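Undergrad: Test case, fold it:
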Amino acid sequence: MAGSYGKSGKQKTVRDMVLSLGLIGLMAGVVYLFIPHDDSDPEVKQVDYRVELLTARRAASYPVLAPEGLSADWKATSVRYDGADDESWHLGFSTPGGEYAQIEQSATRKPGAFIDTASQGGEETKTTAEIGGRTWTRYDGGRYDALVHEGEGATTVLAGTGGYDQLAQMAKALRAK
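TA: This next block holds a predicted model:
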């Protein structure tokens, strides 16, 4: 009798475990149905960079550049100025079509290292273009396409994922006040 009681108890334990797992699965399904799901891309957080731009323009030894007149589809997403670190200026944008573009400027004495970092490993090409009154050199490869201008006391790198047409559009809009 003791043997049959043990076997019956094991069967009851397995049955209870299967029922518990089924109940847990059912509850998980109900919870999943009632939690809202949003599969769309998250809204890009836009930043106001006017204060940082004014600060950088007052403090920097070179003309700090920022775009004027770009469409509302260009949304500033990041900004910083570091006067202690070779007077580095950064302004990042979400561009039309969800791409990314940035302006990086610095009064660095080591432009090669600065360009490499800002272009994410881009290689200099022999292709240049006159855009917005400045001569820009194309850099290919790396993570970003890039346009580089050296002059006016700074190295300026426009880099991004949207291609050279978007970078040229940004270059045309750059102003130093």
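Undergrad: Skipping its backbone neighbours, what lies nearest residue 87 in space?
TA: What sits nearest to residue 87 in space, not counting adjacent residues and going by CB to CB, 6 or more residues apart in numbering, is residue 107, at 4.4 Å. In this view, the C-beta of every residue, glycine as well, is placed from N, C-alpha and C.
Undergrad: Distance of the one you found relative to residue 85?
TA: Distance, residue 107 to residue 85, by CB to CB, to the nearest Å: 10 Å.
Undergrad: before we move on, what about residue 106?
TA: Distance of residue 106 to residue 85, computed by CB to CB: 8 Å.
Undergrad: quick one: contacts for the residue nearest to the spatial centre of the chain?
TA: Among the residues of the chain, the one closest to the centroid is residue 100, at 6.0 Å (CA atoms, centre = their mean). Residue 100 sits next to 77, 92-94, 160-162 when contact means CB atoms under 8 Å, 6 or more residues apart in numbering.
Undergrad: what's the answer for residue 145, then?
TA: 122, 138-139, 159-164, 167.
Undergrad: How confident was the prediction at it?
TA: The pLDDT attached to residue 145 in the predicted structure is 94.
Undergrad: How much space separates it from residue 77?
TA: For residue 145 relative to residue 77 (CB to CB), the value is 18 Å.
Undergrad: same check, this time on residue 96
TA: From residue 96 to residue 77 the distance is 14 Å (CB to CB).
Undergrad: Pick out whichever of the two has more residues nearby.
TA: Ranked by neighbour count (other CB atoms under 10 Å), residue 96 and residue 77 place residue 77 first, with 18 against 15.
Undergrad: right, and the more buried one touches residue 45 too?
TA: Yes. Shown here, residue 77 and residue 45 form a contact pair, counting by CB atoms under 8 Å, at 6.5 Å.
Undergrad: can you give me how far the longest helix that the chain contains is from the chain middle?
TA: Ranked by residue count, the top helix of the chain under DSSP state H comes out as helix 2-34. Counting by CA atoms, centre = their mean, to the nearest Å, helix 2-34 is centred 48 Å from the centre of its parent chain.
Undergrad: Toward the C-terminus, what is the element adjacent to that helix?
TA: On the C-terminal side of helix 2-34, the nearest following helix or strand under DSSP states H and E is helix 50-59.
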